[in-house]
Structures are given as structure tokens and as C-alpha cells.
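> sharing a sequence plus its predicted fold:
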4 protein chains.
Amino acid sequence: MSTVRGGWESSWVDRWEQRTEWPLMAAALLFLVSYAWPILDPDLSPGLVAACAAVGWATWAVFGLDYLVRIALAEHRGRFVAHNLVDLAVVALPLLRPLRLLRVLTMLRFLNRSAATAFRGRVIIYVTGAAALLIFVAALAVLEAERLHPEATITEFGDAAWWALTTMTTVGYGDHVPVTGTGRVVASALMLGGIALLGTVTATLASWIVQRIAENDTSEQAATRAQVEALAVEIRALRNRLDR
Amino acid sequence: MSTVRGGWESSWVDRWEQRTEWPLMAAALLFLVSYAWPILDPDLSPGLVAACAAVGWATWAVFGLDYLVRIALAEHRGRFVAHNLVDLAVVALPLLRPLRLLRVLTMLRFLNRSAATAFRGRVIIYVTGAAALLIFVAALAVLEAERLHPEATITEFGDAAWWALTTMTTVGYGDHVPVTGTGRVVASALMLGGIALLGTVTATLASWIVQRIAENDTSEQAATRAQVEALAVEIRALRNRLDR
Amino acid sequence: MSTVRGGWESSWVDRWEQRTEWPLMAAALLFLVSYAWPILDPDLSPGLVAACAAVGWATWAVFGLDYLVRIALAEHRGRFVAHNLVDLAVVALPLLRPLRLLRVLTMLRFLNRSAATAFRGRVIIYVTGAAALLIFVAALAVLEAERLHPEATITEFGDAAWWALTTMTTVGYGDHVPVTGTGRVVASALMLGGIALLGTVTATLASWIVQRIAENDTSEQAATRAQVEALAVEIRALRNRLDR
Amino acid sequence: MSTVRGGWESSWVDRWEQRTEWPLMAAALLFLVSYAWPILDPDLSPGLVAACAAVGWATWAVFGLDYLVRIALAEHRGRFVAHNLVDLAVVALPLLRPLRLLRVLTMLRFLNRSAATAFRGRVIIYVTGAAALLIFVAALAVLEAERLHPEATITEFGDAAWWALTTMTTVGYGDHVPVTGTGRVVASALMLGGIALLGTVTATLASWIVQRIAENDTSEQAATRAQVEALAVEIRALRNRLDR
């Protein structure tokens, strides 16, 4: 999602992004802890609750500052905003911030594998990681929203996580259902995430099956560029011989 | 979905379609407002309710007239009807009329993108727009159908929209369920829409993954027409040399 | 699903299949009516109920006889059975018999369309027709199985059809749920049908999107056989000239 | 999933795997019986329950021993572990052990079929077999976990199997829902299995439709390697003629 940049400038942006990589990951993790703790432990002392809230605001400031610095360093600001919509969403919607943690997954290596297998592996791991994070954060958010509602059926973290799982897989038993507006907005995000999850799994499987069948069926393999280029070399040699 | 037309005639049809583009969009928007208002505000004065009903009939007349004019201008009437089934459905089923608003989306531009990315982007935006419109219209329709039924569980717009969302994503909690025949017909449309939505998301992702893998794997790329045409030029040159 | 046959024999099998085409469709329709009528009208006179049962047995005899005749005419009996498993299932499971009615759909013509569009159109129409038939027959079967059970929630045809629709689309509200063993077996068939329906819709959309993108992107189109054959002709001409 | 091995060693590993094939299948079947029996028959005598438990431990020892022997025979131990994660999971998670029974399916032959049809057939049969096994084992596991819970709605095997089916197909009526932690973990496995099932069915259908369309549309078929190689032979002949 990096922008196209010119000359000397790119070094500044790249250097900034390399240096802020780990601090931003730490901020995302801190945010997740400070968000989860007061929700998971309702008996937390008021001092710690206030500390968690302060940490939440601090991480927001960190992400906001990072975005402003990068927009300032960017050559084409409009293009930067258009190409980094996810970063903008992370600043505007705090609950998306833990998605930054997915960057750890980029460090995974798929050695001794073909490009296709590695790409599919990366897609599957990203989607699984995002799904797990989404279920955890959505369970926290729905628990916070529902807990105090008189008709709520989601009042414990176990139920909230179970509900998030059944929603994302589109099973939807209906034994636990959000009744507040916030809870339903969280549910919408989960449903869309579930559709994306199912779609990605299916699409990756389809690409694998299509490739496996193409590999088995050698006689029908398409002529590759390499073969046609070899032909072209042959014909050029023929022409040279005729010229002499 | 335009028909194949001959000569001078095409200009008349095209001119008619260009001139009616915006008036029909306005009529679709007017219809949506006049349909939604009395349902969302049950305390609306009888005069305004009657006005809304009148606007509804007027937009029906506008769409019907447009269809009749275009059928009159068309060279092959049978072919026109066969190629414009969506337009016929819009005249016959008033609730589909707001789909006309999706034409605004054709104005979105995908600059600096490859043809494939632009096509996939357009598919995703169309499907998302159609899904959002369908959820809104279905929520209104089911609310109108259910509200006065003694056993109804869908009696507010919030519940109706929530129900429409859980139905379209095929989650189906069952906390709100239509009990009238009309409500169930609306539900069927939502379910089919949901299957189409899920299918389109998956298919678009599959096409993207297949293309990404093909791009990564350069050595196996299929020989393109351009390469084979270059070869043909080479051989023709060879033949010319031999002739001389 | 026709078997590979040798010489004079094939004419007998083909003639038999052509002549029995319409009688078997009529038998399937008769079976559907005789099966549906006593279930939809519980106050049917005992005489008519007995008549419907007799018609049901008669259609079974017709389908069984047809299968026996075709097995007798077939050259390779083992191969005939292996290649006509659907026909065997239709004889063994009476409720699948109405699927024979889908053959009417083969008469639909997709004129002035490319082979790809026609094939996709045929797949979509077959799947939609099969889904509609399956919902209708499953609603009848579940109604017959559940109606007299004390805890049943499916006691009317409207509820049964609604339940079948929500099951096949995997929405599963749970407002109407089968409680008998037979009802649950019917539900399994519907769920598998729903997975097949969703899969086919997605797969057809995927094939359409992949093709549309391939068409848009002319410069990257794969070299076709026709082009390479043209090249071969060119080279052969070159060789002939050299020989002279 | 076999590792890459060098020289004389491979023969030892291969011989071990060939000789243990059937004993391990028998152990998996024994495990399944010893696991299912005490759950399906709650009035089983304590002696038989203890015997079943003993058989369960014995099969665990057999699978663990097999894994240790194969790790000892392997040249590259790290690579062996990385390439045989399924085998490790089967040792660590006893409930996955019946998946070993799926190896019987490898004996199925798809004679007289193209490679593509055979591969798709194998995928479909594997997925169907795995789905059926998963539903059976999950129904047993959930029944064992839920049966004694005061709020449980799953207390009979019929209900457990019905619940497993509605969960795997993501229908999720909610008439039977697990309330214990173990039951919910089993449900998660079923949901993921269901997503994989749906994905595989769709992907296989997509690959079939894409191939059918490619076959119908002869004029647009990609040039095959065979054709381009024929061209190359032709040109080489031409060059030879010129040389003489």
C-alpha cells in the first residue's frame, strides 16, 4: 500500500516507516491490552480503568501523529490518502487498530515452496489471523455494549466469543443475540468479515484445484513465452543464414 | 443491456435514453422517499400519505411511459423485450425501481488502474450498492407487511433492518422472523440477494488470486498473441527475402 | 449420461429413449400431482387418496420397466448401471422422480449467444429449476412426516415451504424445525442441495468474471490454436518454396 | 505428505510405512469403536467401559510409536515434522485419529476418466468422507460433553448428529445448541469443517465449469506446447535444408 514517490524524498518516508514499524506494533498491542482489560475484569480498580483509558488515548495520538508525519513527507498528498485508506480507517476507528498486529505475519517465511504455494499460504494465514483478531475484538466490543442492557443475552466473555464465532461463520444459532444498536453494528462487521473469510477460503481452494488439474494434464499445457521465444531465436538464425 | 440497432434509428433511441437518464434517476429517488416516508413515520398526516401514494403512482407512470417509448423506437421489439428484462421488471415490480439509482455508480472512475482491477472494482461497488439498497427497501417492505400482524416480531425499522441484514448474510438468528406471506416473499428476495452477494465476493476474490499467482509465476506465463504475431511478421519477412 | 454403444444396437436404445421421453415426463408429472394432492388437501375423500396411491405405484412401475428395458438393450450392463446412477436413484427413491421434469428445460434455446454464455445460462436454469422442485417436494415430504407429531412446528404447507426455503439457503432461522427422523433426513437433502446451489451460483459467476477480465485485457490474451496453425501453414509454404 | 529422503534410507521408511498401513487403519477403527460404544450405550457394564478406555490408550500408544519410529528413520528430522503436521495432530488430538480411515478412499479407482475428472472425483470423495466422519465424531464428542449438563439441549445421539449436521452446513437453527466449553470447541471445529466443505464443493464446481466452457469454445483454445513443438521441428527441418 506504499505510494509512488520520487527521488530523495522516498528515503525519508521509507526510513520513517522502518523506524516506526515496531513502535506502532507495540502501540497496537498496548491498545488491545488496555481495551480488553477493563472489559474482561469488571472489578478493576478505578485507577487502573483510568490508566487503561489514558493508554487508549495515547495510542490514538501515536497513530494519528504517524499518519500526519507520513502525509507531510508524502509528495502527492491526495494519492497518499487514496492509497492508504486502511491507515486512515485505523486512525478513525480505534477498534481496527489491532489489525496492525497482522504485520507480524509478514515475517513468516515459506521456504522451498513455489511462488503460488507461498502466495496462497500467505493469504490463508492473513485471513485466519484477521478472523481470529476480529472475533476477539468483536467479542470485547459486543460485551461492553450489551452487558448492562436489561434484555441482553450476552453478559460474559465466553458467550460473547461464542456468539462472535457463530456469527462470523454465518451459522447464527440465535441463542445469544445482540439487542443494542452498538452490538448490531459490531455484528454487521463480523458478518461482512465472515463473508470475506468464506470467500477467501473458497477462492484459494479454487485456485489450488485449477492449478493441480493444469499440472496433471501435461499434454494440454499452454505454450509458454519461453518456448515461443526459443522459436523466434531459431527463425532469426534462419534469416541470418539466408542473408549470408 | 442495450439492443443492437440499425442506422438512423439508433440515434433516436440513444438520444431518448441520454435525455431520460437523469429524470428517471430523480423519479426513482422520489419513489424511494415517497415509499419510505409513510412507513418510517406512522403518524404522518393523511394528506401527506395521500401525496406520497400519488408520487408513487406518478413514478410508475413515468417508468411505464419510458418503457413504452423505448419499445416503440426499437427496431426489433421481441429482441428489445428479451434484452431489457430488468427494465420490464422495474415497471412490473415497483420495489425494484430504486435499483435505477445504481446507475450513479457508473460515474465512478478507476483511474490509473489496469482493466482487470477496474472491472473487479466496478463489480464489488455495484454489488455492495445493490446489497445496501436491497436491505433498505426490504426492511421497509417487511415492516409495512408485518407491523400490524398480532404475532409479528418485526415492528420497528431498527429491527427490520437488523433482520434484513442477518437474512441477507444467511446468518439467520431467528430473533426476528416474518410471519406474513408478504414478509416471507420479501425474505426470499433477500436470501437470493445474499447468495448472489456471497457468490460475487467469492468469485471476484478467486479471479484476483488466480491473476496474482499467474503474475508472480513469470516463467510459466502463456505466450501472448502479440508474441505470436511478431513471429508471423518475422516469417513473412523471411518469405519475401526468399522470393527476391 | 448416455452409455457408449456399438453398431446396430445403439439405434434400439436411442429409439426407445426418444419414444419414452414424453410418456416418462407425463408419468413424473402424474406422480408429483398424486403425491402432492393428498398432502395439500387433508380432507380428500378416501377413494381419491387410494387413487393417488395407485397412480404413485403405477408411475413407479413405469419408471422401473423403462430402466429394465434399457438395461436389457444395453451392450455393457455394468457400464450402463455405472453411467446411469441418476436413473437408478429415480427408480429407488420415488421422491426424486419429479427431477425428470427438468428435461423440459433442455428445450430452451439460447440463440445468438456464445457457447460460454449458453453453457452458463443452461447451468443457472437447471440449478434454479432443480432448487425450486426440491423446495416444493421437500416441503410436501416434511409436511407429511411432521404434521401428526405432537411437538411439530411444521403443520401447514406455507410453513413447510418457508422452512424448506430457509434451510436450502442455509439461513436457518429455527422458527420452524423438523423433529421427526424422516423430517430430518429431508432436511439433510435440502442442506446438501443448498450447498450445491450456492456452489454453482458462485462458480458460474467466477467463470463469468474470469472470462470478462480476459476479454477486456486484449494485449495479454493467450495465443490461440488458430494463430499457431496459421504460422504452421506459413512455414510449410516457405519449405515448399525452398524445395522448388 | 512424504518427506524427501536420500538413498538406502528411503527404503526403510517406505517399507515401514507399507507394513504399518493396515495395522494403523485397524487401530483407527478400533479407537472409533472403543470411543463410540460407551457414549452410545450409557448402560454399558463398567468392565466394558474400562476395556474401551484401555483400547483407546493402546491405539494412542500405537500411533505415538509409529510417529517416533518414522521420526527416527527420517534423515532430516525438522523437515519430517514440518511435512507431517497432520500425523503429529493425529497423535496429539485423539479425536482426529479416525481421519486415518480416509486412506481407504485412496484405493478407489477412477478408470477410463481424464486426469482432471479423476482429481476432482478424488477431492469430492475425500471431502464427503471427511465431512461424514467429522459429523459422526463431533456428534459423539458433543454428546459426551453435554449430556450431564443441567441446561443441555443435546442429550441423545439423534439430536447430537442433527445438531452436527446443521452446524457443518452453517444452517444453525438453534433448536439444539452446546452450552459447555468442550461442546463449543467441538462446534468450532465443525464450523471450520463446514467452511472447508462449502469452499471445496464450490471450487471443484468452478474448475469443472471453467473447463467445460474452455472445451466447448474450440476456436479460442490456447495453443498447446505440442503444437509449438511441432512448429519448432518444422523450422529445424527448414534450417537443415538450407544448410545442405
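Structure received. Residues are numbered from 1 along each chain as shown, chains lettered A, B, ... in the order given.

> can you list the domains in chain A?
Structural domains annotated on chain A: A:1-98, A:108-244, as defined by automatic domain parsing.

> close to chain C, is the longest one?
Yes - using C-beta under 8 Å from any C-beta of the partner chain, we find that domain A:108-244 touches chain C at A:T170, A:V171, A:G172, A:Y173, A:G174, A:T202, A:A203, A:A206, A:A222, A:A223, A:V228. Every C-beta, even on glycine, is put in place using the N, C-alpha and C of the backbone.

> any low-confidence regions in chain A?
Within chain A, the stretches falling below the threshold (pLDDT under 70) are A:1-10, A:106-116, A:214-226, A:243-244.

> longest helix anywhere in it?
Secondary structure of chain A read by DSSP state H shows that its longest helix is helix A:181-216.

> list the buried residues for that helix?
A:183-184, A:186-187, A:189-214 (16 or more other C-beta atoms under 10 Å in any protein chain shown).

> list the contacts of A:G193.
By C-beta atoms under 8 Å, 6 or more residues apart in numbering or on different chains, the residues touching A:G193 are A:A130, A:A131, A:L134, A:M168.

> centre of the chain to the longest helix of chain A, how far?
Taking the mean C-alpha point of helix A:181-216 and that of its whole chain, the gap between them comes to 13 Å (C-alpha atoms, centre = their mean, to the nearest Å).

> C-terminal to that helix, what's the next element?
Using DSSP states H and E, the helix or strand that follows helix A:181-216 towards the C-terminus is helix A:225-243.

> contacting residues for A:L205?
In this structure, A:L205 makes contact with D:A196, D:G199, D:T200, D:T202, D:A203, judged by C-beta under 8 Å, 6+ apart.

> wait, isn't the first one in contact with A:T204?
No - with contact taken as C-beta atoms under 8 Å, D:A196 and A:T204 are classed as non-touching, separated by 10.8 Å.

> where do the strands of chain A begin and end?
Using DSSP state E, chain A contains no strands.

> what about stretch A:146-165, how long is it end to end?
Across stretch A:146-165, the straight-line distance between its terminal residues is 17 Å, by C-alpha to C-alpha, to the nearest Å.

> that stretch close to chain B?
No - using C-beta under 8 Å from any C-beta as the criterion, no contacts between stretch A:146-165 and chain B are found, and the smallest distance is 9.1 Å.

> that older thread, could I get the contacts of A:L205 as a markdown table with distance to chain B?
Formatted as a markdown table, these follow (distance: C-beta to the nearest C-beta, whole Å):
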| residue | distance to chain B |
| --- | --- |
| D:A196 | 14 |
| D:G199 | 9 |
| D:T200 | 13 |
| D:T202 | 7 |
| D:A203 | 8 |
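
> before we move on, the earlier item: max pairwise distance over the residues of domain A:108-244 next to chain C: which two?
Put simply, by C-beta to C-beta the two of those set farthest apart are A:G174 and A:V228, 58.8 Å from each other.

> in terms of neighbours, single out the busier of the two.
Using other C-beta atoms under 10 Å in any protein chain shown, the more surrounded residue of A:G174 and A:V228 is A:G174, with 26 against 23.

> show me what contacts the closest residue to A:I135 other than its chain neighbours?
Excluding the flanking residues, the one nearest A:I135 by C-beta to C-beta, 6 or more residues apart in numbering or on different chains is A:A164, at 4.5 Å. Under the criterion of C-beta under 8 Å, 6+ apart, the neighbours of A:A164 are A:L134, A:I135, A:F136, A:A138, A:A139, A:V142, A:L190.

> equivalent analysis for A:W12, please.
Residues in contact with A:W12, defined by C-beta under 8 Å, 6+ apart, are A:L73.

> for A:W208, same thing?
By C-beta under 8 Å, 6+ apart, the residues touching A:W208 are A:R120, D:A203.

> and with 7 Å instead?
Taking C-beta atoms under 7 Å, 6 or more residues apart in numbering or on different chains as the criterion, A:W208 is in contact with A:R120.

> just checking, A:A232 touches B:L231?
Yes - when contacts are counted by C-beta atoms under 7 Å, A:A232 is listed as touching B:L231 (5.6 Å).

> those two: which is more packed in?
Residue environment comparison for A:A232 versus B:L231 gives the larger neighbour count to B:L231, 25 against 16, counting by other C-beta under 10 Å.

> okay, the more buried one and chain A: tell me how far apart.
With the distance defined as C-beta to the nearest C-beta, to the nearest Å, B:L231 ends up 6 Å from chain A.

> which residues does that residue contact?
Listed by C-beta under 7 Å, 6+ apart, the contact partners of B:L231 are A:V228, A:L231, A:A232, A:I235, C:L231.

> repeat that for A:P46.
Contacts were defined as C-beta under 7 Å, 6+ apart; by that measure A:P46 touches no other residue.

> what's the answer for A:V186, then?
Taking C-beta under 7 Å, 6+ apart as the test, what A:V186 contacts is A:A138, A:A141, A:V142, A:A145, A:P178.

> that one and chain D, how far apart?
19 Å.

> ditto for A:F31
In this view, A:F31 and chain D are 26 Å apart by C-beta to the nearest C-beta.

> what's around that residue, how many residues?
Taking other C-beta under 10 Å as the neighbour definition, A:F31 ends up with a count of 25.

> count the residues that sit near the closest residue to it other than its chain neighbours.
Beyond its immediate neighbours in the sequence, the residue positioned closest to A:F31 (C-beta to C-beta, 6+ apart) is A:T59, lying 4.1 Å away. If you count neighbours by other C-beta under 10 Å, A:T59 ends up with 23.

> surely A:V137 touches A:R97?
No - under the criterion of C-beta under 7 Å, A:V137 lies out of contact with A:R97, with a separation of 9.1 Å.

> tell me which of those two has more neighbours.
Neighbour totals were compared for A:V137 and A:R97, and A:R97 leads with 25 against 22 (other C-beta under 10 Å).

> who touches the more buried one in this structure?
Each residue near A:R97 by C-beta under 7 Å, 6+ apart is listed here: A:A28, A:F31, A:T59, A:F63, A:V90.

> between those, which sits nearest chain C?
Comparing the contacts of A:R97 against chain C with C-beta to the nearest C-beta picks out A:V90 as the nearest, at 30.0 Å.

> I figured that closest one hits A:F63, correct?
Yes - here A:V90 reaches A:F63: they are 6.1 Å apart, a contact under C-beta under 7 Å.

> contacting residues for the nearest residue to A:R241 once chain neighbours are set aside?
Of all residues beyond its chain neighbours, the one nearest A:R241 is D:L242 (5.7 Å), with distances taken as C-beta to C-beta, 6+ apart. Taking C-beta under 7 Å, 6+ apart as the criterion, D:L242 is in contact with A:L238, A:R241, A:L242, C:L242.
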